[in-house]
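# got a predicted structure here, sequence first:
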Amino acid sequence: MTKQSFDYVCPDGHKGSTDVMNFRAGKRCRKCWGNNNRGEKHYNWNSELTEKDRLKRRHFPETREWRNSVFEKDKYTCQICKQLGGSLIAHHLDGWDKHPQLRFELANGVTLCRKYHKEFHISYGNGKNTKSQYESWFKLHTKNAPDNHASQCE
């Protein structure tokens with residue numbers, strides 16, 4: 001069965017195309033989705049950060065260096081599903097907000113694919129995360145992971 005796409009115009013006047021399943025699931029206009037998933041509306045929004053903290057966080061050269069070092073340590077591989085490369089995130093074991101002294105410590109980072117990074121934060125929220133939360137979550141996810149689970153993350 002092939003997906004048949006159709007063209008549509010969203011309420012804001014943006015033209016696009018989609019298929020019936022995505023349309024019914026509410027996946028329609030990419031421009032509107034992008035506009036409606038920024039700032040406070042984004043799933044990863046941390047209300048405890050000030051605007052000054054947000055700006056500082058983006059411009060630390062140490063952030064990029066730390067992230068790249070975490071990726072190298074883990075051989076650019078998600079530590080849950082073993083996906084090599086792709087959409088990877090360097091996750092802080094002890095959270096950025098409550099443990100500023102550990103922000104750039106290599107031992108405080110682990111590589112996760114986007115899917116499992118999102119799942120972790122769905123389980124434990126954003127901010128105030130701890131290494132013990134990650135360790136519990138890691139055991140649960142690696143114990144139940146199928147042998148071919150890397151293909152599920154791409």
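Alright, I've got the coordinates.
# can you give me the helices in this protein?
Assigned by DSSP state H, the chain shows helices spanning 20-24, 30-35, 51-58, 61-73, 114-124, 131-143.
# now mean neighbour count and distance to His42 too, for those helices, in TSV please.
Just so you know, the C-beta spots here come from the backbone N, C-alpha and C atoms, and that holds for glycine as well. TSV is the format used below for these (neighbours: other CB atoms under 10 Å; distance: least, CB to CB, whole Å):
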stretch	mean neighbour count	distance to His42
helix 20-24	11	21
helix 30-35	12	10
helix 51-58	10	12
helix 61-73	14	18
helix 114-124	16	12
helix 131-143	14	21
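# need those in a markdown table (columns: mean pLDDT).
Shown next, in a markdown table, are these (pLDDT from 0 to 100):
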| stretch | mean pLDDT |
| --- | --- |
| helix 20-24 | 77 |
| helix 30-35 | 73 |
| helix 51-58 | 74 |
| helix 61-73 | 92 |
| helix 114-124 | 92 |
| helix 131-143 | 90 |
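# any chance of TSV for these, columns distance to Tyr8?
TSV is the format used below for the helices of the chain (distance: least, CB to CB, whole Å):
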stretch	distance to Tyr8
helix 20-24	8
helix 30-35	12
helix 51-58	35
helix 61-73	39
helix 114-124	28
helix 131-143	38
